[in-house]
Structure formats: structure tokens, C-alpha cells
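*Asks:* 3D model of this:
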Amino acid sequence: MLTVYGMRSSGNCYKVELLLEQLGRPYRWIEVDSAAGQTRTPEYLALNPNGKVPLLEVEPGRCLAESNAILCYLAEGSPLLPQDSWLRAQALQWLFFEQYSHEPYIAVARFICRWLGPDHTRRAELPRLHERGAQALAVMEQHLAQQPFFAGDAYSVADIALFAYTHAAADGGFDLSVYPQVERWLDRVRAQPEFVAQQA
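*Replies:* Numbering: from 1, shown residues only. Here you go, the predicted structure:
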């Protein structure tokens, strides 16, 4: 059985959970609290030297890190990873966008606002994070004005990847009401078969 080492409050981990539930794949979830140092133990570092979650253990000794790589591996052969080379490249384009232009701003702003105190020095980062996060949301808004999903007309891993932190962007101080296409897309994702909400 597949084993996922993850943290429920992490959007990157939620991506993997959502995909597995929608694929109907059995798996075991092991909660790992990175904030408490559980990803820095010798035992965990032996599985993932980068010391992060999520981590997928396919079988003993065979592990895959990085959330979007895990999505592609798990979705292979399913409708959630396009077989057409152009559509697959589009899905990959949005996976890279999510990790480079979206997650570093929207997810980090969420972390600062939700888990750090009001007087924490990292709050000084918020104006820049909000500016760059808004740019990412604007790119998504423009795309979604033309297509219902991110890789053509069908729901895919690209939507799962972008949903994870976008649906919780308000936690980081983003006002999604100014992105009506994004809000409608969030509803379309929630309407997908076997959708599960993030648990924490």
C-alpha cells in the first residue's frame, strides 16, 4: 500500500490527499509535523534527505518527494494527467507556475498570517508577498476567462496543484472576490467527483 508522510495543514500535502481520494487509491497517511522538527530526525532524513513533506513511499526504500512530481506519478494513466502531449505540457506549465510564481507568495503569506504572531518580524514581508501573489492570481484570472480549467477543458493535476493554496488564500490576506473567474473555478473544483476538503 502507498504511504504518504504529510502534514494536514500543508497545501502541498493536501494536493496528494485530494488526488488519491479522487483516484480511489488506498493509502496510509502518517502525520509528520515539520514545525515540531519531525522532518529533521535521522529516520525521516533517511527517507527524504531534503527533510520536507509530502513524501510518497511507493514501497519500502522507494520514495518520491516534491508534491507536483508525486501528482504526476500517481495520475499517470488516469484522465487527470493528459495523454495528449500538448495538453500534458500545459499541465506541466501550470505545475511549474504554481511552485515558482504562486506558492512562494500565497502559501508563505498564509503561513505568516495564520501561524506567526501579530508582532512577528516576518509580517514585514507581507506587502511584497501580497503584491506578487496578486500577480499570480491575475494570471490565473486571465486564463480562466478563456478556459474552465488549466489544461484544456478538463480537470487535471494542474487544477489540483493550484487549488491547494488558492482556496485558502484568504488566510494570507488575499481578497478573492476581485477574481470572479478564480472563484467560479474553485467551485468547479469542489464539484468534482470524490472531492474532499482540506482537513486542517
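*Asks:* Please, where are all the helices along this protein?
*Replies:* 11-23, 42-47, 67-75, 85-97, 103-115, 126-144, 157-166, 180-190 (DSSP state H).
*Asks:* Measure how far the first one is from the centre of its chain, please.
*Replies:* The one in question is helix 11-23. 8 Å (Cα atoms, centre = their mean, to the nearest Å).
*Asks:* Just the buried residues of it, please?
*Replies:* 11-20, 22-23 (16 or more other Cβ atoms under 10 Å). Just so you know, the C-beta spots here come from the backbone N, C-alpha and C atoms, and that holds for glycine as well.
*Asks:* ditto for the fifth one
*Replies:* If you call a residue buried by 16+ other Cβ under 10 Å, then helix 103-115 has these buried ones: 103, 105-113.
*Asks:* ok, back up a step: possible to save the buried residues of helix 11-23 as JSON lines with pLDDT?
*Replies:* Listed next are these as JSON lines, based on pLDDT from 0 to 100:
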{"residue": "G11", "pLDDT": "97"}
{"residue": "N12", "pLDDT": "98"}
{"residue": "C13", "pLDDT": "98"}
{"residue": "Y14", "pLDDT": "98"}
{"residue": "K15", "pLDDT": "98"}
{"residue": "V16", "pLDDT": "98"}
{"residue": "E17", "pLDDT": "98"}
{"residue": "L18", "pLDDT": "98"}
{"residue": "L19", "pLDDT": "98"}
{"residue": "L20", "pLDDT": "98"}
{"residue": "Q22", "pLDDT": "98"}
{"residue": "L23", "pLDDT": "98"}
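*Asks:* quick one: which of these is nearest N50?
*Replies:* Nearest to N50 among the buried residues of helix 11-23: N12, at 12.5 Å, using Cβ to Cβ.
*Asks:* I figured that closest one was touching A65, is that so?
*Replies:* No: between N12 and A65 there is no contact under Cβ atoms under 8 Å: 10.4 Å.
*Asks:* Now the common contact residues for these two.
*Replies:* Here N12 and A65 have P54 as joint contacts, going by Cβ atoms under 8 Å, 6 or more residues apart in numbering.
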